[in-house]
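Chemist: quick check, what structure comes out for this input:
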Amino acid sequence: MKRHLNTSYRLVWNHITGTLVVASELARSRGKRAGVAVALSLAAVTSVPALAADTVVQAGETVNDGTLTNHDNQIVLGTANGMTISTGLEYGPDNEANTGGQWIQNGGIANNTTVTGGGLQRVNAGGSVSDTVIRAGGGQSLQGQAVNTTLNGGEQWVHEGGIATGTVINEK
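Modeler: Sure thing, here's the model as predicted:
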C-alpha cells in the first residue's frame, strides 16, 4: 500500500524499445551515480524557472495547433496537426541526448508541422509525418516515414529504417 497519496512520475528513454516510458520518481536507476548527483542538483537549481511540460497525444486522439517551447515534450501516439516546435535541440544537431520537442511514436501521425530554430521533431520507427517545414536551426530525426518535408535552412537526419519522400531543400 502506498504511504503517500502524492506521487510523481518521470519519462525515461528506454534504449531497448526505443520509446519513452513512465517511471516512478522512486525507481532505481542504473549507471554512474556519484558525479551525476552533483551535476543533477546543479542543473535543478539553475533550471527551476524553466520546468518542462510533457503532453501525450494518445492513440485515437487528435490535437490541432499548439506550440512547444522551453524543453516541452509532445509524445504523439495519435494525430497532431499544425504544431510549431521550438525546443528539443539543446545538445546540438542529431544528438541522442536531446530530450525535448515532438516525438512521433509507432502509429503516431503529425501533419503540417513547423520546426523553428532549436526545435526537434523525432519520428521513431512506425511513426509518420507529412508536410513538415524545417526552418534554420531546426531539425528532423527520422527513423520512421516523412513525406513532403521542406528544409528552409533546417536539417533532416535519416537513420536506418527511415524513409524520406518528396523532401525539398531550399537555400538558407
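Chemist: how far off centre is stretch 143-160?
Modeler: 14 Å (Cα atoms, centre = their mean, to the nearest Å).
Chemist: can I have it written out in CSV, keeping just the CAs?
Modeler: Listed next in CSV are the C-alpha coordinates belonging to stretch 143-160 (Å, rounded to 0.1, in the frame of the first residue of the first chain):
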residue,chain,number,x,y,z
GLN,A,143,13.6,6.5,-38.2
GLY,A,144,10.0,6.4,-39.5
GLN,A,145,8.5,8.0,-42.6
ALA,A,146,8.4,11.6,-43.7
VAL,A,147,6.5,12.9,-46.8
ASN,A,148,6.8,16.4,-48.3
THR,A,149,9.3,17.9,-45.9
THR,A,150,10.6,21.3,-46.8
LEU,A,151,14.0,22.3,-45.5
ASN,A,152,14.2,26.1,-45.3
GLY,A,153,17.7,26.1,-43.8
GLY,A,154,16.9,23.3,-41.4
GLU,A,155,18.3,19.8,-41.3
GLN,A,156,16.9,16.3,-41.8
TRP,A,157,18.7,13.2,-40.5
VAL,A,158,17.6,10.0,-42.0
HIS,A,159,18.6,7.0,-39.9
GLU,A,160,18.4,3.2,-40.6
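Chemist: after the helix or strand of the chain with the lowest mean pLDDT, heading C-terminal, what element do we hit next?
Modeler: Counting by mean pLDDT, DSSP states H and E, the chain has its least confident helix or strand at helix 34-46, which shows a mean of 47. Going down the chain from helix 34-46, the next helix or strand is strand 54-57, by DSSP states H and E.
Chemist: hmm, who's touching that next one?
Modeler: Contacts with strand 54-57, where a contact means Cβ atoms under 8 Å, 6 or more residues apart in numbering, come from 11, 63, 72-80, 108. Any C-beta I mention is one placed from the backbone N, CA and C, and that applies to glycine too.
Chemist: out of those, who's nearest Asn98?
Modeler: Asn73 (10.6 Å; Cβ to Cβ).
Chemist: what about the residue nearest to the closest one when sequence neighbours are not counted, neighbour count?
Modeler: If the residues on either side of it in the chain are set aside, Asn73 comes closest to Asp54, at 4.5 Å by Cβ to Cβ, 6 or more residues apart in numbering. The local packing of Asp54 (other Cβ atoms under 10 Å) involves 17 other residues.
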